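Engineer: Coordinates for the following, if possible.
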Amino acid sequence: MKASIIIPTRNRAETLKKCLNSLKEQTVKDFEVIIVDDGSEDNTKEVVSEVRGLKKKYVYQEHSQQGVARNNGIKLAKGKFVFFIGDDIIPENNWLEQHLKTHDENKNAAVLGLTLWPKEMEVNDFMNYIAPNGPQFNYGGIKNNKNCSWRFFWTSNISLEKKWLKENFDENFRGWGYEDLDLGYRLEKKGLVIVLNNEARAYHYHSYNDPEEFLRKQENAAKSALYFVGKFPELKEEIIEKNKLKNWQALSLTVYGMLPFLKSGKKLKIIYWKLKRRDYFNKGL
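Structural biologist: Presented below is the predicted three-dimensional model:
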């Protein structure tokens, strides 16, 4: 089998159904889909069984976070290449074909695809801030498409040969973030490079109408970051120090609190979100 697509999921039955139906339309057909249900309390299992026309495996686990889910998926994978996507990611029809084409052209590489907001979704200022050139997906930060670095090992849209996955996701991460970057860093040390293919496109069906939903996650992300740099102290400056809230930035947040009208202008709103993200990160530290 050419490919195994691993999708961790939790309580997102409707978007998962959309994701699975999109995979039925892939131009390449030699693949399986492994859905790892991380303790869903909705009708996820029923939705998976209702979707026909896919080679699929479904496994349920008690709620244990995404790293555990992906590792359980890897154990079941039979494909030469393993793909990771989210349960709210909808790939274009040639997505799998584009990934495999790039693998043919680049040995010992992971392939990173492009994740965008859906064209039909109303994208607000905050969503435009966090992606595709912001703190969620910062494609603008990629300096070399042929060697993106571990910093872009994003499991929303990435693939690699299964032989690399003797190194698994570290299951000690709790909360949001960094377990994918941790694996990317370890694999880069073993010789893996990450190649970007802008034509391997998928769409992120996750609206943020309330910026606090995303910003609050930074508190948990900080805890994951501390564990990460505990393993790799050489990354402390980049991961911890550069994300801390400085004293002058804390003062700026106080000003925003006193003068809330400052958040009405687009540029000033973005400055506020950047500061607030650091503020939550500080709380997590």
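
Engineer: Pull out the buried residues from the lengthiest strand in the chain.
Structural biologist: Identified as the longest strand of the chain according to DSSP state E is strand 193-204. Buried residues in strand 193-204, counted by 16 or more other C-beta atoms under 10 Å: 193-197, 200-204. Where you see a C-beta, it was placed from the backbone N, CA and C, and this is true even at glycine.

Engineer: got the residue ranges for the helices in the stretch 1-150 of the chain?
Structural biologist: Applying DSSP state H, counting those that start in this stretch to the stretch 1-150 of the chain gives helices spanning 13-23, 44-50, 66-76, 95-105, 125-130.

Engineer: Count the neighbours of the spatially closest residue to residue 174 that is not a sequence neighbour for me.
Structural biologist: Once flanking residues are discounted, residue 174 sits nearest to residue 65: 6.3 Å by C-beta to C-beta, 6 or more residues apart in numbering. Using other C-beta atoms under 10 Å, the number of residues around residue 65 comes to 20.

Engineer: which helices and strands does the longest strand of the chain pack with?
Structural biologist: If contacts are counted by 3 or more C-beta pairs under 8 Å, 6 or more residues apart in numbering; DSSP states H and E, strand 193-204 sits against strand 89-91, helix 95-105, strand 109-116, strand 157-161.

Engineer: Would you mind giving the ones you listed as TSV with mean neighbour count and distance to residue 271 added?
Structural biologist: Shown next, in TSV, are those (neighbours: other C-beta atoms under 10 Å; distance: least, C-beta to C-beta, whole Å):
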stretch	mean neighbour count	distance to residue 271
strand 89-91	23	30
helix 95-105	20	35
strand 109-116	23	25
strand 157-161	23	29
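
Engineer: got the contact list for residue 214?
Structural biologist: Listed by C-beta atoms under 8 Å, 6 or more residues apart in numbering, the contact partners of residue 214 are 126, 130, 136, 208.
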